[in-house]
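Undergrad: Below: sequence and its predicted model.
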Amino acid sequence: MARVAAHPDMALVHLQPQSRREAALRPVHGAVQGGFSRRRAQPRARADRQRPSRVAAEIHRQFVEQKNEREGVVETEIRTAFPLDNAQINSLVADVSRRLKRRVQPRVTLDKELIGGVRITAGDEVIDWSVRGKLEDMAAALKA
């Protein structure tokens, strides 16, 4: 690995991230001198091309998480069996905000499997006011 990093062509790869795959792999092939097949290098090169978007997405996720924590905001997913109007959403947000003692940033999604009611996820806390949740609780109580 040290030979690959020290290869003069590696500086060009770092300066030109949009360079073609062959140009990026040339220093690796030159440093290894035949002990590394091109066929093995191709899946790795493909993964390297995909990595920047995954890294950027992870950096963004962590940034938003830390920003929200500093501002006292919690992102909340509200899953509902039926569409809610703005007044109902505002009422739910106020109740959850009071319960968590933080400002709530809601994201509302429709989930027909809930049968009725809502399921609210805020970080690692889940508030389940759905019919499906109540039925699952009753089934667990009967089995115990």
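TA: Yep, that arrived.

Undergrad: Residues contacting stretch 122-130, please?
TA: If you take C-beta atoms under 8 Å, 6 or more residues apart in numbering as the criterion, stretch 122-130 is touched by 74-77, 79, 81, 96, 99-100, 104, 114-121. (C-beta placed from N, C-alpha, C; glycine too.)

Undergrad: burial of Leu84, as a residue count?
TA: Residues near Leu84, counting by other C-beta atoms under 10 Å, number 17.

Undergrad: Need the nearest residue in space to it, chain neighbours excluded.
TA: Once its chain neighbours are removed from consideration, Leu84 has its nearest residue in Val108; the separation is 6.5 Å (C-beta to C-beta, 6 or more residues apart in numbering).

Undergrad: Outside of the helix or strand where the one you found lies itself, list whatever touches it.
TA: When secondary structure is defined by DSSP states H and E, Val108 falls within strand 103-110. Outside of strand 103-110, the residues within contact range by C-beta under 8 Å, 6+ apart are 68, 71-84, 89, 92-93, 96-97, 122.

Undergrad: re the thing from before, separation between the residue nearest to Leu84 and Ile120?
TA: Distance of Val108 to Ile120, computed by C-beta to C-beta, to the nearest Å: 10 Å.

Undergrad: Check the contact lists of those two and give me the overlap.
TA: With C-beta under 8 Å, 6+ apart, Val108 and Ile120 have common neighbours Ile78, Arg79.
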